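Chemist: when you get a sec, could you give me coordinates for this:
(2 chains)
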Amino acid sequence: MNAEMQPLTARIRPGQVIDLRAYENAGGYQALRAVLGKREPASVRETVQAAKLSGRGGAGFNTGLKWSFVPVDEKDGPHYLVCNCDEMEPGTFKDRLLVEHDPHQLIEGMVLSAYAICAEVAYIFIRGEYHAGIQALRQALAEATASGLLGANILNSGFSLQIHLHPSAGRYICGEETALISALEGRRAVPRAKPPFPQRSGLWGRPTVVNNVETLCNVPHILRNGVDWYLSLSRSDAHGGTKIYGVSGRVCTPGAWEMPLGVSAREVIEGRAGGMRAGVQLRGFLPGGASTDFLTTEHLDVPLTYEAVSKAGSRLGTGTMILLDDQTSVVGMLRNLEHFFAQESCGWCTPCRDGLPWIESMLGDLLAGRGQHGDLQVLEEYCVTLGPGKTFCAHAPGAVEPLQSALRYFRADFEALIPQADLIGSGA
Amino acid sequence: MVRIQVDGQSHEVEAGGNVLEACLELGYDLPYFCWHPALGSVGACRQCAVIQLPDQSEQPGRIVMGCMTPVQDGMRLSLQAEPAVAFREQVVELLMTNHPHDCPVCEEGGECHLQDMTLMTGHHTRRYRGRKRTHRNQDLGPFINHEMNRCIACYRCTRFYRDYAGGTDLQVQASANRVYFGRAEEGALENHFSGNLVEVCPTGVFTDRVFSAHYARKWDLQTSPSICMHCSLGCNVTPGERAGSLRRVQNRYHAAINGYFLCDRGRYGWQHVQTGARLRNVRKKQDGVWQDVPAETAFAGLPGPRKLLGIGSPRASVEANFALRELVGAESFSMGVSRRERAVLRVCWEILRNTAARVVSLREIEQADAVLVLGEDLAHSAPRMALSVRQATRNAGFARADAAGIPRWQDQSVRTHAQNERSPLLVAHTYETELDSIATASLQADPGQIENIARAIAHKLDRRARKGPRLDGAAGAFVQAAVQAFSGARSPVVICGTSLRSENLLEACANIAHGLQARGTQVGLAMVMQECNSLAAAMLGGTSLEAIAEQAADATLLVLENDLYRRMPPERVQDLLHNADEVIVFDHLQTATVQAADRAVPVAAFGEGDGSYVNQEGRAQRAFQVFLPAAPIRESWRWLADLARALNLRDRVPWTRQDQVVEACAERLPAFSRLPEAAPDATFRMHGQRIPRQPHRYSGRTALHAGRSVHEPQPPLDPDTPLSWSMEGWAGQRPPALIASTWSPGWNSVQSWNKFQDEIGGSLRGGDSGVRLLSGGESDAAWYAYGDAPDQPAAGLWIVARPDLFSAEELSAQGDAIRQRQIPPHCALHPEDAGALGLQDTDLVNVTLADGSVCQLPLRLTGRVAPGVACVPLDAERAHWDLPARGQVRALGAQR
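Modeler: This is a model prediction of the structure:
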């Protein structure tokens, strides 16, 4: 492992939590010591923006730019930083790796990020099932506070930060940043309309930045090693740094690995995951979690950058792939996914709340041999109806991405499930 | 104003609004569910989708939600573009995956917004083959049915109930397509505005349970514009009748008063008309036994006009009171209230007509940036006003949203941005009121202290106001908080009322308003009274009951729609009635006063007659007859005209038509000179036609009476109003005072009010109905030099009356549904006082006043009552108690 090339994960060893001492021995909290009280928050924001750190939660938006929307000059009350650790995307476990093994890296990243946006209170909104992560963070927060790295007047810099750890009661939608804010306020986890964006009106109606765990973990390394170093890690011109890619499915060694941002899917699947298991053929993959469009074996050499994956017809998302193989029912897999998405709809807007259960029931009908001619058209129609801009948030558009692409790439699998009698009866 | 284009048509619309509102104001039919004119936009249902086209290019544009999209100059929209039409149809198709096809047995049917919107989108064929999800329903109490399977999850109910009305016991539960709108456990909805769910719900989840018991379709109901009779605010209502019985009351939109919402007393308070102990015949007591007599002989055998005394009533119409006053003469006419209530009502009238402050409507209260409430429990004494005060507290949050560039209609964003930011609301009363929970300062103090607080605030605001005693401690802090709240306010409102029966308090509040006016603020003043025509009673004048009692000997005493046993101690009422030679009572219920009379004359109850009412802001409004009561029930003034004839005094009450009474009143009494403007007179026609009381789809006209006669009866002519007793007539736009129920092509539900407004949430086309009889204040109104500050505490406790929404008002309290919501009477006392008196919670106590009034009540100890104060319920048993007053609370023995 190379700390230069894999700054986020090089210290991680299975079964170990890196405590304060080990973290500091590895160079931890040096960025914090160098920045707090010594550099202006604006310069921290500019550095992070120049390093082209982009949101690792899936949207890929430039983090420094996101921070720049916080009205730091009109400070008439508290600002908040929220760490989104509600990792509930099916097939995604990269943030878990980070918080379970290297909690101080996240804490240092949060202190620096809070400093950049002039926040004095921060929250870690963590998936409730991440017991080990909660335990590790609780321990690390106590250590950091005891050592003056967190709390009032950190290292006599004049900057103070409190971090609250908030285990989620458990809804997928809490990963949506505004729903997360609602949940944190004790309201129903329902997304909020944008605008106003959280940077203007977020938690408790105050300016708030919500960043993903992996995003925040990058910040200390950028500030410690510089923009040029960070840009050199990536194979993309548009984004700096590494990315934790993951693979789940019938490969030899499923897992997650920190690699240069922009490696190809083939490098991840065949290189790190050891390729498909014997007797199993790859048919397609969801490149960034369950809520992204299928790509196929034709796309194995597409660089895994936000832009290239988007151009190929999908989204990089969380960068953790779910593979579809030839031994698995496409429709069965989709029914599973749509069941998940239908169940996890917050119930706020009509297309999502009532559309996803219908989609799930149509897929169920197909699997049970009750499919009818015309069902696929209805499914296609509703892939559009539940698409971007039509629903309140991105939940339903994400939910129909695997379906709409499967209908394109694997249509024969669907048609094969419709009883012939029905096809003949309807004149098809 | 900005220019927008809708499907190629260019329009000018108000800047700052959203696309849905703009489209509705322009008359387009754009369907919606979650948006509500008073609740704003949240973008949940996705029904109001339109296409926003890019500038000038021919590209197809994108779907946006009308309710969430601000109008912008030069914006190009399409409602008709195929993708928008298809999307809107799909949204209904999705809602229908779970909505049952039970319209024929659903009580919303025929006035269902979901039906209307479904037709509007064109969805007709079901493609969904799965099962519909089902829910368990809850018993939500006597007012509301719950049928959750019909729910389309628009979230309006909880947004109204919680966000708008401050309720807590109705929540959204569960998630996804199992979202459930109900209570944590079964039980009556606690919020006093729960009945609005019936109208807020766009389909049949929440329906009117009282209506259910004797149901009719909307199109089968005969309706007229009417006014609520159950407090002094004059909310506009639409009663509906079929086959001779009143079935329900619905909200009737009035921009300046009730807007879209009524309180539960107003919505359900009408049941006394149907199930109360009605007086339905002329009755005479002969040898102590009541006998029904023919109507023609009602006034036979009277001793003659040698001495006539009349007792009017604050719950009777202006016309009835005026006719009585004319018949007996002003000197022999009583307002029908006690000396003490008369004094405070006269002071109210005196202040309202002279004050330099604006006498504010509820709408104006909602716009206030600071509100001071002194000595009133608004949630119970003027409930709809409490709802307006609740909205006023949001103004600081709106200002915060303005600063952040969030449009005010974007409800969810405004609320989350504003969080708990509230405009100043200061409440001081003898006990903690419901508004205290959202008040920035609240104080519980005895009635004397509240007077002193009012004086102190007035004096601190302006040294010309007479000084009161020095206040410190909590009272001093409250005064300080009020002065501070007002110092930054531009449109503050001062609210007080007659509950504490204190002239000093009212005058001190007038001085507060005067002081604020002198400081250059747009100050508003509101004075809450007890009954629907309390202010009219004060304007008509007349003596107190005590004064009339002194003249009663050998008189013929005429009592108009007034149960004197609610006004004076029973012994004094008995003396009065006994001293009179002959007592004739005109009422619609068999009150105790009716029982004690010599003759009883059945008069029209709510909905059975026409009449004018003057609300607490001085607005005269007309309540129109909804249905013809069974003979011989008639309006009081008609009986009084008969009586005048019988007494050879026909010239005193010579009228045969309503308009004649109104005109005579306007001529005789300058205060009522504008009364005829309250509503169009009987000669008014729209395009030569009357306005029908029955909708154009009214069914059964020839069948309804077929059990008695197969002939179709000729509809009676209405000599009093421009309304007809039939389906025929002008069904289009008409003056707001004549709009009862709203219908518009494609819009059958209460959502159709937008078709009668130029601006969403604004006045109905033609302006706010009713006429303000207050001409507006004199800018040099004098300072009130009220009497001396109350003496230091005498012995004993202050006994104060607590008006409960469901018990305090005479008529509504007799309805079956409302009775189920009455709380058992108790005496509330501060634990400190209880400790000093050696009393314990639940003890049975005797509450006694110096005048000898006494009652037994169980004791409830609560820190919510001011020390030194004992609260007793204002209900039928204690309505005549002369409160607040000094009294004692003594143990009677522990309750087992």
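Chemist: quick one: contacts for residue 51?
Modeler: No chain specified, so I'll use chain A. For A:Ala51, the residues meeting the contact criterion (Cβ atoms under 8 Å, 6 or more residues apart in numbering or on different chains) are A:64, A:222, A:227, A:230-231, A:240-241. Where C-beta positions appear, they are placed from N, C-alpha and C, glycine not excepted.
Chemist: try chain B instead
Modeler: By Cβ under 8 Å, 6+ apart, B:Ile51 lies in contact with B:60-64, B:77-79, B:81, B:83-84.
Chemist: A:Ala179 - how many residues pack around it?
Modeler: Using other Cβ atoms under 10 Å in any protein chain shown, A:Ala179 has 24 neighbouring residues.
Chemist: let me fix that: A:Tyr115
Modeler: Other residues lying near A:Tyr115 total 26 when counted by other Cβ under 10 Å.
Chemist: and the residue most central in space within chain B, how far from B:Ala382?
Modeler: Nearest residue to the geometric centre of chain B (Cα atoms, centre = their mean): B:Cys235, 4.0 Å. From B:Cys235 over to B:Ala382 the distance is 10 Å, taken as Cβ to Cβ, to the nearest Å.
Chemist: got the residues of chain A near chain B?
Modeler: Residues of chain A lying near chain B by Cβ under 8 Å from any Cβ of the partner chain: A:171, A:182, A:185, A:188, A:192-193, A:195-196, A:200-201, A:204-205, A:342-351, A:353-358, A:361, A:365, A:370, A:372, A:378, A:381-382, A:385, A:389-392.
Chemist: residues of whatever helix or strand B:His11 lives in that come out buried?
Modeler: According to DSSP states H and E, B:His11 maps onto strand B:9-13. Within strand B:9-13, the residues scored as buried using 16 or more other Cβ atoms under 10 Å in any protein chain shown are B:11, B:13.
Chemist: what does stretch A:261-275 give?
Modeler: A:261-265, A:267-270, A:272-273.
Chemist: end-to-end on it?
Modeler: 20 Å (Cα to Cα, to the nearest Å).
Chemist: same question, stretch B:494-511
Modeler: 10 Å.
Chemist: what do you get for stretch B:788-798?
Modeler: 19 Å.
Chemist: check stretch A:261-270 too.
Modeler: Using Cα to Cα, the distance between the terminal residues of stretch A:261-270 is 17 Å.
Chemist: pull the helix or strand with minimum mean pLDDT from chain A.
Modeler: helix A:420-425 (a mean of 60; mean pLDDT, DSSP states H and E).
Chemist: what residues of stretch B:847-864 count as buried?
Modeler: Neighbour-count burial for stretch B:847-864 flags B:847-849, B:853, B:855, B:857, B:859-862 (criterion: 16+ other Cβ under 10 Å).
Chemist: so what touches that stretch?
Modeler: Stretch B:847-864 is contacted from outside by B:431-432, B:444, B:569, B:799, B:824-831, B:834, B:839-846, B:870, B:872, B:877-878, B:881-883, B:885-890, B:892, B:895, using Cβ under 8 Å, 6+ apart.
Chemist: out of those, which sit inside helices?
Modeler: Judged by DSSP state H, the subset of those located in helices is B:831, B:834.
Chemist: okay then, goodbye and thanks.
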